[in-house]
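[1] Sequence and predicted structure are below.
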Amino acid sequence: TTAVTEHTTLLLVRYRFQLTLPSRTGRRQLVAEDARLLAFQGPPHRARWLPEETATRLLDAEATENTHPHFGARTMERLLSRLSACHDHLETHGERLAADLDASHRRVRTANDEIVRGLRVAAQKPADVLGAYVYLPATAEEAV
């Protein structure tokens, strides 16, 4: 595709959060989910993470040519076998999302004079990688 200038990987990641919500009658436990698109350039062990807006724009990328099936299968096998190198980044991102969800609940509860004490949001680990998509740059002759 002409949408990228170097090997780029897009991940569809599902995060789950355990929420403890206090109330006057006790505590409720809830589970919340959030799906995110995360993208990086380069191999997983040297991933250069891209802004979320860039990751989202990859959804609109159009192929200029098909990849040979054997090459495509080997590329995906290599990616999936090395994806564990992204583990720390995915966990850190999940912790940030948990903190944002916690802050959101606290703001709403405070604004509505609801109980905040005992509110807790914890990211469930590990995050689930639901999809992995590899974008390869078009060669000079393909791009014409």
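    On my side now, so go ahead.

[2] separation between the closest residue in space to residue 4 that isn't next to it in sequence and residue 51?
    Among residues not flanking residue 4 along the chain, residue 135 sits closest, at 4.6 Å (Cβ to Cβ, 6 or more residues apart in numbering). Where you see a C-beta, it was placed from the backbone N, CA and C, and this is true even at glycine. Separation of residue 135 from residue 51 (Cβ to Cβ, to the nearest Å): 16 Å.

[3] Could you do residue 31 as well?
    With distances taken as Cβ to Cβ, residue 31 is found 28 Å from residue 51.

[4] my guess is residue 16 contacts residue 32, does it?
    Yes. Counting by Cβ atoms under 8 Å, residue 32 is a contact partner of residue 16 at 7.3 Å.

[5] In terms of helix, strand or coil, where does residue 85 fall?
    Under the three-state scheme (DSSP: H, G, I helix; E, B strand; the rest coil), residue 85 adopts helix.

[6] Low-confidence ranges, this structure, go.
    The model of the chain has pLDDT under 70 over residues 140-144.

[7] what about the helices in it?
    Here the chain has its helices, by DSSP state H, at 52-57, 69-82, 87-111, 140-143.
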